[in-house]
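1. Have a look at this prediction, sequence included:
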Amino acid sequence: MHKPYYTQDDIDGLAHLGSCPGESPFVRGPFESMYRQKPWTIRQYTGFAGADASNAAFKRTLAEGGQGLSVAFDLATHLGFDSDHPTAQADVGRTGVAIDSVEDMKRLFDGIDLSQVSVSMTMNGAVLPIMAAFIVAAEERGVARHQLRGTIQNDILKEFMVRNTYIFEPEPSMRICTDVVEYLSHELPNFNSMSISGYHFQEAGADPALELALTLANARAYLDRIAARGLDLDHFCHRLSFFFGVGMNFFNEIAKLRAARLLWSEEVERRGARSERAKRMKMHCQTSGWSLTAQEPQNNLIRTTIEAMAGVFGGTQSLHTNAYDEALSLPSEHSARLARNTQLILQQETGICEVADPWGGSYMMESMTKAMADRVRAYLAQIDAQGGILQALQSGWVSEQIQTGSLHTQSRIDTGQQAIIGVNRFVSDEPTPSAALLKVEGSAVLNEQRTRIAHLKQSRDGAAVEQALARLAAGAAQPGTNLLALTIDAIRVRATVGECTQALLGHMRRYHADSRFLRGLYAADRRQDTAWRRLERQVKTFGEGEGHAPAILLVKLGLDGHDRGIQVVASGLKDAGFEVDMGPLFSTPEQVCKMLKFRHYDALGVSILSGAHLPLIEQLVGALRENRLDAIPLFVGGIIPETDTAALQDLGVSLIFSPGTRMEVIGESILNALAAVRCHCAE
Ligand code: 3CP
């Protein structure tokens, strides 16, 4: 909550005041000259289909004003599956580029000078083979290790908390992260070895203070592990970088980024760092994907511009601006260009780069920076009281905090308290002008990758691969051996990403998360709301008619781990009176059938945000038919382009819900569909 206005009284005595940009505690920015010397890096997250298509997109981005690269990998790669693995097939090349070996990595950067362009790679679960493939690709192109500049995300803790592209259990995962930091700090001195991320917390529902607190709590856990290896803070700390989301809460977002630098500087100093470089937080920011709406998508251009300005006023070093059509599909060439131009216009037309920390000294901003830092300190104290972030993760505290945030936000939107223009206010009757969406031909990418893997396996020295993988597997069982060094050896002799992962899985167990959703919170926010009470009555009436509450099974199919939407829907329907079960992440059609046989359900709801809805629903419907379960009404929620609606309906999908659908609309639609089925059966 902001005050109506701020005065000198609000900043009197604030301890963080008085420094200049580039001075500890770096509230005002990591560099004195900030954007006058070097504007933030325009770094757009890009990658889809195969390496050649993504390489062309990288070259286009650099030619059109992009200043660094940021690789999006597909879900199969994230989870350590080669493209020819049966589990991966529907997801190959959908939400990022498919990389199975160093050969793919070389094609990805073909014609791009890795000694000149810095490359960020969002990779966590399969960090070892992907980082190894990047290093070997550069080596075979003649680029020296010290010339490589860029960032590997390598932040596994937030994967367990929200993003869900983990492979191994937390302990071995932490070892892998630390091995990567240790290796890079010695071998690739100009490469950032972590991008400790808050972005995904915000996307999952955390407010800026919780986002920052969880990020810093994770960073502390990494510092503990790295310090335990005997590494000197002044040697590696300047290569730990950060990544935050920037949403529509304009002033708060700026305050968050300023408070982030303040708190990090304090933390690192407290641990004994001496150099200014170690205490200086550097960050990448991304505008909020969640704030984008499928309704009137051009409005998203405006939202993204405002969020980008908050990131820049907050002093970010690197920025991704989302494309306006991302609530509908992957960005098209045109929307990607507009997103990039948003940053070019800010850098080159506005004069914003001329002054460092323009908000410095503002009564409001300084007081909000302090308030933000205090809220974050209070969260950190709560985490410490539980014994640290790993304990808070395992007890469920972290997911409860985030889900609470997301449910309150959803109820504020559904009741209209939080305005979203075109969604809950000033809704337009005009049809949305259709955008030219990017469509990935998943099956073509899959076939190409399969052929390439087969060729690789025929042409390599099989015995050398076997030996390298055996050494990697032995290393996994032996703490103290650096797993990145061993993976580089395996990748160099053409082991695949999947084979390296499999070798590690011999000694490191695969992690399986529980699916949880909160009960009672959403309904508590909507108790006074007539639309909500009507839904509750309808559910009750349905239950009285049937002799039991309507029971629904909600599942995530495929490799897509984005579960904010399904958790909100599960909580909302449960609170309305439905019986709700949620299947585990990464369910297969066969597992869904098993769950449906285990107990009675009136309906099945599937959430897919990865773009793989057509092949996945086709597989699911086939399995349902084989198991004689195809009479159950099937609903799909997620990012489903209108052009795919008819195909899904032909497959037998009864209802499709896009992001932003109000809870009572979902609930009532399901009840109506169930009633229609009952009528049909009675006829
Ligand atoms: C910069 N430099 C300066 C100044 N500005 N020196 C003096 N004065 C200045 N004003 C120096 C820096 O110290 C650095 O040198 C060099 O110039 C480059 O600047 P930089 O600030 O380090 O910028 P950059 O290379 O772009 O690196 C930015 C950070 C990096 C540090 C944030 O980690 C990064 O690029 N992160 C991006 C992460 C990312 O793209 N994530 C994508 C997530 P030295 O290096 O010598 O110090 S996408 C996730 C999407 C959602 C999902 O998960 O699915």
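-> Yes, it's here.

2. Distance of residue 203 relative to the ligand?
-> 7 Å (Cβ to the nearest ligand atom, to the nearest Å). Yep, even glycine has a C-beta here, placed from its N, CA and C like the rest.

3. tell me what the helix or strand hosting that residue is packed against?
-> Secondary structure assignment for residue 203, by DSSP states H and E: helix 199-204. Applying 3 or more Cβ pairs under 8 Å, 6 or more residues apart in numbering; DSSP states H and E, we find helix 199-204 packed against helix 208-228, strand 240-246, helix 397-414.

4. who wins for proximity to the ligand among those?
-> strand 240-246 (3.3 Å; Cβ to the nearest ligand atom).

5. what angle separates that closest one from helix 208-228?
-> 170 degrees (axes from the mean of the first three to the mean of the last three Cα atoms, to 10 degrees).

6. is any part of strand 240-246 close to the ligand?
-> Yes: applying Cβ under 6 Å from any ligand atom, one finds strand 240-246 in contact with the ligand at 241, 243.

7. is the helix or strand following that strand up against the ligand anywhere?
-> Remark: after strand 240-246, the chain's next helix or strand is helix 250-270, criterion DSSP H and E. No: under the criterion of Cβ under 6 Å from any ligand atom, the ligand is not reached by helix 250-270; the shortest gap measures 11.8 Å.

8. Let me know the next secondary structure element after helix 250-270.
-> helix 276-279.

9. for that next one, the distance to its chain's centre please.
-> 28 Å (Cα atoms, centre = their mean, to the nearest Å).

10. And for stretch 654-669?
-> Relative to its chain's centre, stretch 654-669 lies at 24 Å (Cα atoms, centre = their mean).

11. Stretch 56-76 too?
-> Its chain's C-alpha centre and that of stretch 56-76 lie 17 Å apart, by Cα atoms, centre = their mean.

12. Residue of the stretch 301-450 of the chain closest to the ligand, please.
-> Nearest residue of the stretch 301-450 of the chain to the ligand: residue 317, at 3.4 Å (Cβ to the nearest ligand atom).

13. any idea how far the closest residue to that residue other than its chain neighbours lies from residue 120?
-> Nearest in space to residue 317, with sequence neighbours left out and distances taken as Cβ to Cβ, 6 or more residues apart in numbering, is residue 282 at 4.7 Å. Residue 282 is 12 Å from residue 120, where distance means Cβ to Cβ, to the nearest Å.

14. anything in contact with each of these two?
-> Listed as contacting both residue 282 and residue 120 by Cβ atoms under 8 Å, 6 or more residues apart in numbering is no residue at all.

15. surely the residue nearest to residue 317 meets residue 241?
-> Yes: with contacts counted by Cβ atoms under 8 Å, residue 282 reaches residue 241, the gap being 5.0 Å.

16. Identify the contacts common to the two.
-> 192, 317.

17. so what pLDDT did residue 327 get?
-> You'll see residue 327 listed with a pLDDT of 84.

18. same for the helix or strand harbouring residue 625, what does it pack against?
-> Per DSSP H and E: residue 625 is located in helix 613-626. With contacts taken as 3+ Cβ pairs under 8 Å, 6+ apart, helix 613-626 sits against helix 589-598, strand 603-608, strand 634-638, helix 645-651.

19. can you list contacts of it?
-> 89-90, 442-443, 557-558, 589-590, 592-593, 596, 606, 608, 630, 632, 634, 636, 638, 640, 644, 647-648, 651-653.

20. re the thing from before, taking the mean pLDDT, what do you get for the helix holding residue 203?
-> 95.

21. try stretch 244-251
-> 97.

22. again, but for stretch 40-53
-> Averaged over stretch 40-53, pLDDT sits at 96.

23. Go through stretch 398-417 and flag the buried ones.
-> Going by neighbour count (16 or more other Cβ atoms under 10 Å), the buried part of stretch 398-417 is 398-399, 401-415.

24. what do you get for stretch 618-634?
-> Quick answer for stretch 618-634 (16+ other Cβ under 10 Å): 618-621, 623-624, 629, 632-634.

25. Let's see the distance spanning it from one end to the other.
-> Stretch 618-634 stretches 12 Å from its first residue to its last (Cα to Cα, to the nearest Å).

26. With stretch 453-473 instead?
-> 21 Å.

27. Same question for stretch 5-19.
-> Its start and end residues considered, stretch 5-19 measures 24 Å (Cα to Cα).

28. ok, residue 342 touching residue 301?
-> Yes: between residue 342 and residue 301 there is a contact under Cβ under 8 Å: 7.3 Å.

29. Please say which of those two ends up with more neighbours.
-> Neighbours were counted for residue 342 and for residue 301 using other Cβ atoms under 10 Å; residue 342 has more, 24 against 20.

30. Tell me which helix or strand the more buried one sits in.
-> With DSSP H and E as the test, residue 342 turns up in helix 333-349.

31. Tell me what angle whatever helix or strand comes next after that helix forms with helix 208-228.
-> Downstream of helix 333-349, the first helix or strand assigned by DSSP H and E is helix 363-385. For helix 363-385 against helix 208-228, the angle by the same axes, to 10 degrees is 50 degrees.

32. Helix 363-385: how far from the chain's middle?
-> 24 Å.

33. So which elements touch that helix?
-> Judged by 3+ Cβ pairs under 8 Å, 6+ apart, helix 363-385 is in contact with helix 208-228, helix 250-270, helix 389-394.

34. chain center to the shortest one, what's the gap?
-> I take that to be helix 389-394. Centre to centre, stretch against its chain (Cα atoms, centre = their mean), the figure for helix 389-394 is 20 Å.

35. For it, buried residues please.
-> 389-390, 392-393.

36. can you redo those residues as JSON lines with pLDDT?
-> Compiled in JSON lines, these are given as follows (pLDDT from 0 to 100):
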{"residue": "389", "pLDDT": "96"}
{"residue": "390", "pLDDT": "94"}
{"residue": "392", "pLDDT": "96"}
{"residue": "393", "pLDDT": "93"}
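
37. Filtering those residues by proximity to the ligand, which remain?
-> With Cβ under 6 Å from any ligand atom as the criterion, the buried residues of helix 389-394 include none near the ligand.

38. Of all pairs in those, which one is the farthest apart?
-> Distances among those were taken as Cβ to Cβ; the most separated pair is 390 and 392, at 7.4 Å.

39. The ligand contacts on this protein?
-> Checking the chain against the ligand by Cβ under 6 Å from any ligand atom, the hits are 31, 33-34, 37-38, 41, 43, 45, 68, 70, 118, 120, 122, 151, 163, 190, 192, 195, 200, 241, 243, 282-284, 286, 317-318.

40. Report the buried members of these.
-> Buried members of the residues of the chain next to the ligand, scored by 16+ other Cβ under 10 Å, are 31, 34, 41, 43, 45, 68, 70, 118, 120, 122, 151, 163, 192, 195, 200, 241, 243, 282-284, 286, 317-318.

41. ok, now which ones touch residue 591?
-> For residue 591, the contact set (Cβ under 8 Å, 6+ apart) comprises 583-584.

42. let's see 10 Å
-> 555, 557, 583-584, 623 (Cβ atoms under 10 Å, 6 or more residues apart in numbering).

43. Of these, grab the buried ones for PyMOL.
-> Buried subset of those, written as a PyMOL selection, criterion 16+ other Cβ under 10 Å:
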select buried, resi 555+557+583+623
